[in-house]
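Undergrad: compute the structure for the input listed below.
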Amino acid sequence: MKLVIAAVTSSLIAGSAYAGGYAAPTVEPSPEPVTVTPIVNDPSDWTGFYAGLQYGQGNAEFNNGLGESDTDAYGVFGGYNYDLGNWVVGGELDYNKIDADDLDDKGDLVRLRARAGYDLGKFMPYVTLGAAHLSQDIAGGDISETDVTYGIGAEYKVTERFTVGAEYTKQDFGDVADVNGLDLDTDMVQMRAAFRF
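TA: Numbering: from 1, shown residues only. Alright, predicted model coming up:
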């Protein structure tokens with residue numbers, strides 16, 4: 001009987017040794033916590049009516065060497081934008097009072113323009129193209145001319161209802177003051193503030 005117990009014990013010990021013996025359990029380190037940041041789309045939408053005030057300065061120059069003049073331009077504007085996703089299209093009508101340094105009388109500049117911009121959330125750069133009508137009293141005749149206007153600008157939403165921006169435009173008037181070949185080129189840089197409805 002002692003022989004059987006000894007044989008069983010020795011076979012168990014030999015089996016444990018053959019199996020590789022005892023190995024202490026290992027503890028895997030816990031993984032680093034994963035932080036999930038939700039992607040929030042900017043809900044900004046440029047669609048709607050707007051109106052505002054603008055002020056700036058510019059330059060008016062005749063092409064035949066009659067001279068040039070610095071100008072102040074201030075006025076009102078209103079329009080409508082339609083947001084297509086990445087692109088914003090719209091139209092605008094504005095009125096400016098033009099005060100030239102060398103002229104006693106102030107002129108009137110009315111423009112009707114199309115606009116196309118790129119929606120960057122709260123910021124929108126744009127280009128503009130349309131028609132401008134200038135009425136101005138000058139020595140030797142009056143100017144009453146309609147021609148092309150074009151420019152670039154940008155708007156920034158301070159809030160969803162209030163925007164500020166800047167715009168550079170050119171107006172090229174041909175055959176002014178009923179004189180063939182007398183052209184008047186003007187440009188303006190204006191600061192703008194608008195309320196959106």
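Undergrad: and the residue nearest to the spatial centre of the chain, helix, strand or coil?
TA: Nearest to the geometric centre of the chain sits M124, at 1.5 Å (Cα atoms, centre = their mean). The local conformation at M124, judged by DSSP: H, G, I helix; E, B strand; the rest coil, is strand.
Undergrad: pretty sure it contacts I152?
TA: No: contact between M124 and I152 fails when scored by Cβ atoms under 8 Å: they sit 11.7 Å apart. Yep, even glycine has a C-beta here, placed from its N, CA and C like the rest.
Undergrad: tell me where the chain has strands.
TA: Taking DSSP state E to define them, one finds strands in the chain at 48-62, 68-83, 87-100, 107-118, 123-138, 141-157, 162-173, 184-196.
Undergrad: of all these, which one is nearest P33?
TA: Of all those, strand 123-138 sits nearest to P33, with 35.3 Å by Cβ to Cβ.
Undergrad: pull out the buried residues from the closest one.
TA: Judged by neighbour count (16 or more other Cβ atoms under 10 Å), strand 123-138 contains these buried residues: M124, Y126, T128, G130, A132, H133, L134, S135, Q136, I138.
Undergrad: any idea how far the second one is from D94?
TA: Going back to what we said before, that points to Y126. As for Y126, its distance to D94 is 14 Å (criterion: Cβ to Cβ, to the nearest Å).
Undergrad: same question for the first one.
TA: For M124, the distance to D94 under the criterion Cβ to Cβ works out to 17 Å.
Undergrad: same thing with the fourth one?
TA: As judged by Cβ to Cβ, G130 and D94 stand 10 Å apart.
Undergrad: tell me, what's touching those two both at once?
TA: Common contact partners of G130 and D94 (Cβ atoms under 8 Å, 6 or more residues apart in numbering): R111, R113.
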